[in-house]
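# okay, sequence plus prediction incoming.
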Amino acid sequence: MEVYLDNNATTIVDPIVYEEMRPFFCEKYGNPNSLHRFGAGTHPKMMEALDYLYSGINASDDDDIIIVSNATESINTVIKGVWIDQILNGNKNHIITSEVEHPAVTATCKFLESQGVSVTYLPVNENGVLEAHTVKDFIRDDTALVSIMWANNETGKLFPIKEIGEICKEAGVLFHSDATQAIGKVPVDVQEANIDFMSFSAHKFHGPKGVGALYIKKGIKITPLLHGGEQMGGKRAGTVDVASMVGMGFAMKLAVENLEFEATEVKRLRDKLEAAILEIPETVVIGGKENRTPNTTLISIRGVEGESMLWDLNQNGVGASTGSACASEDLEANPVMNAFGSDSELAHTGVRFSLSRFNTEEQIDYAIDVIKKAVTRLRNISSSYAYAPSSHKCGL
Ligand SMILES: Cc1ncc(COP(=O)(O)O)c(CNc2co[nH]c2=O)c1O
């Protein structure tokens, strides 16, 4: 049996979404910017896709949603656009983000630091969550942007976006949220959250890879990342991937329709898997169980190196991860777990399981059996592990 439990890395394209995309490869293949019928033939479904995206995040008609290649491009567009407009050509020179953002945010901020920008990386509490008041404590007169994720990709922890939005609005500071791990898992309402910019990727909610979106609140201007065409009103040059845009729109429609299923059935299967693993001695949920996306659990298994666990699971058909795929190639301690203040041993023992609406009870039962056998096998061959519950700090 094969069981895919790495949905925070990417998801299967919903077959319904795939069928919606198919006509735009060999039938309605015109360039949407062409004036002839072949181009115009793409417009109805593109407009429908935009309608699904706008309603899916409760954007107002006057707001902008720009189709980009992925969340990484969306995030770069915001952070570098604000840098150009507010810092290089303005009187600001400070950006606030958190220590547990995805590398798309932290690496872009590091680049800006190399260009002389001051960046504050806010710490998270023992549960891996940023407390809204810390944003208020660090906002300065020259703060150009606050960028905080809606949900953490490794722990699933949800951040106080509405409160942070209120703080930024009151301070007159632009607020961006990376909602990549929130769309399709929890309700996302940009108007309620006082958000100025928001980023997401379709492949996180059963849409195709290689397409994402940037939400821009009405009235906000930002210098584009890509120049050279009038697509997206000049806000993102380059011919639009029509099939992927249509796929992302329909995936958003289905994602919103399935939020209740995520909150009930997917959560039930996640909780079942988590409870079974926690029956194993010396295991702990990193960040705690509260206030999380319904599909994610990051569990530390003392004495079991995360990568060894992944290899063993993979040998038995189960796919999981130790955290963000873009960070999993190296054997460094998990930066998110480090941010919690975890000790170095614990930071190497995290395994992330992230479910979706396509997982079944039978798959979870099989995965539980495989996981328990893998832990026994790996602990038995470990040169450093000896069951000593009194010695293990079950903090976090
Ligand atoms: C919170 C967050 N932001 C941005 C990205 C980048 O998305 P992309 O541009 O579509 O690649 C990811 C991908 N996160 C992960 C990719 O693999 N495992 C993950 O957890 C993410 O989880």
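Here it is on my side, so go on. Residues are numbered from 1 along each chain as shown.
# now this structure, which segments are flagged as low pLDDT?
323-347, 388-396 (pLDDT under 70).
# how about 80 then?
323-347, 383-384, 386-396 (pLDDT under 80).
# check it for its longest helix and report it.
Across the chain, the longest stretch assigned as helix under DSSP state H is helix 361-380.
# quick check: Glu170 vs Val190, distance?
According to CB to CB, to the nearest Å, Glu170 and Val190 sit 18 Å apart. Yep, even glycine has a C-beta here, placed from its N, CA and C like the rest.
# mind exporting the C-alpha coordinates of the strand or helix carrying Arg270 to PDB?
Arg270 is part of helix 267-278 when elements are defined by DSSP states H and E. Provided in PDB are the C-alpha atoms of helix 267-278 (Å, rounded to 0.1, in the frame of the first residue of the first chain):
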ATOM      1  CA  LYS A 267      -8.900  16.400  11.400                       C
ATOM      2  CA  ARG A 268     -10.300  13.100  12.800                       C
ATOM      3  CA  LEU A 269      -7.800  11.100  10.700                       C
ATOM      4  CA  ARG A 270      -4.900  13.400  11.800                       C
ATOM      5  CA  ASP A 271      -5.900  13.100  15.400                       C
ATOM      6  CA  LYS A 272      -6.100   9.300  15.100                       C
ATOM      7  CA  LEU A 273      -2.700   9.100  13.500                       C
ATOM      8  CA  GLU A 274      -1.200  11.500  16.200                       C
ATOM      9  CA  ALA A 275      -2.800   9.700  19.100                       C
ATOM     10  CA  ALA A 276      -1.500   6.300  17.900                       C
ATOM     11  CA  ILE A 277       2.100   7.700  17.600                       C
ATOM     12  CA  LEU A 278       1.800   9.400  21.000                       C
END
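# list the residues that contact Glu20.
Contact analysis of Glu20 by CB atoms under 8 Å, 6 or more residues apart in numbering lists 45, 246-247, 250.
# if we can go back for a sec, quick one, which of Glu170 and Val190 is more surrounded?
Counted by other CB atoms under 10 Å, Glu170 and Val190 do not tie: Val190 has more neighbours, with 23 against 11.
# show me the contacts for that one.
For Val190, the contact set (CB under 8 Å, 6+ apart) comprises 57-59, 63, 198, 215, 217.
# just to be sure, which of the residues you listed are found in strands?
198, 215 (DSSP state E).
# quick one on the thing from earlier: what angle sits between the longest helix of the chain and helix 267-278?
Relative orientation of helix 361-380 and helix 267-278, computed by axes from the mean of the first three to the mean of the last three CA atoms, to 10 degrees: 20 degrees.
# buried residues in helix 361-380?
Neighbour-count burial for helix 361-380, with 16 or more other CB atoms under 10 Å as criterion, is recorded at 363-368, 370-371, 374-375, 378-379.
# go on, stretch 233-244?
Neighbour-count burial for stretch 233-244, counted by 16+ other CB under 10 Å, picks out 235-236, 240-244.
# next one: stretch 257-277
258-259, 262-263, 265-267, 269-270, 272-274, 276-277.
# and stretch 10-26, by the same measure?
Neighbour-count burial for stretch 10-26, counted by 16+ other CB under 10 Å, picks out 11, 13-14, 17-18, 20-21, 23-24.
# ok, now stretch 97-117?
Counting neighbours by 16+ other CB under 10 Å, one finds that the buried residues in stretch 97-117 are 97-102, 104-109, 112, 117.
# tell me the one of those nearest the ligand?
Checking these against the ligand by CB to the nearest ligand atom gives His102 as the nearest, at 3.5 Å.
# that closest one touches Asp178, doesn't it?
Yes. Contact criterion CB atoms under 8 Å: His102 and Asp178 qualify, at 6.3 Å.
# common neighbours of the two, please.
In contact with both His102 and Asp178: 71, 75, 149, using CB under 8 Å, 6+ apart.
# so which of those residues would you say is closest to Ser383?
Comparing the shared contacts of His102 and Asp178 against Ser383 with CB to CB places Met149 closest, at 37.7 Å.
# what residue of this protein is the furthest out?
Centroid-distance maximum for the chain: His36 at 38.5 Å, with CA atoms, centre = their mean.
# return the residues in contact with that residue.
Here His36 is in contact with Gly30 (criterion: CB under 8 Å, 6+ apart).
# what is the end-to-end distance of stretch 26-36?
Its start and end residues considered, stretch 26-36 measures 17 Å (CA to CA, to the nearest Å).
# helix, strand or coil for the closest residue to Gly39 other than its chain neighbours?
Spatial nearest neighbour of Gly39, excluding adjacent residues (CB to CB, 6 or more residues apart in numbering): Gly30 at 3.9 Å. Following DSSP: H, G, I helix; E, B strand; the rest coil, we place Gly30 in the coil state.
# roughly how far apart are Gly30 and Ile139?
48 Å.
# looking at this, Lys110 is in a helix?
Yes. Assigned with three-state DSSP, Lys110 falls within a helix.
# if I look at it, how far off is the ligand?
Distance, Lys110 to the ligand, by CB to the nearest ligand atom, to the nearest Å: 15 Å.
# wait, what's in contact with the closest residue to that residue other than its chain neighbours?
In space, and not counting its chain neighbours, Lys110 is closest to Val119: 7.7 Å by CB to CB, 6+ apart. Counting by CB under 8 Å, 6+ apart, Val119 touches 94-97, 109-110, 112-113.
# repeat that for 10 Å
Contacts for Val119 (CB atoms under 10 Å, 6 or more residues apart in numbering) come out as 79, 93-97, 106, 108-113, 145, 147.
# same deal with Thr11?
Contacts for Thr11 were tallied using CB under 10 Å, 6+ apart; they are 4, 184, 202-207, 209, 251, 255, 354, 356-358.
# so which bits of the stretch 51-200 of the chain are right by the ligand?
Counting by CB under 6 Å from any ligand atom, the residues of the stretch 51-200 of the chain close to the ligand are 70-72, 102, 104, 149, 153, 178, 180-181.
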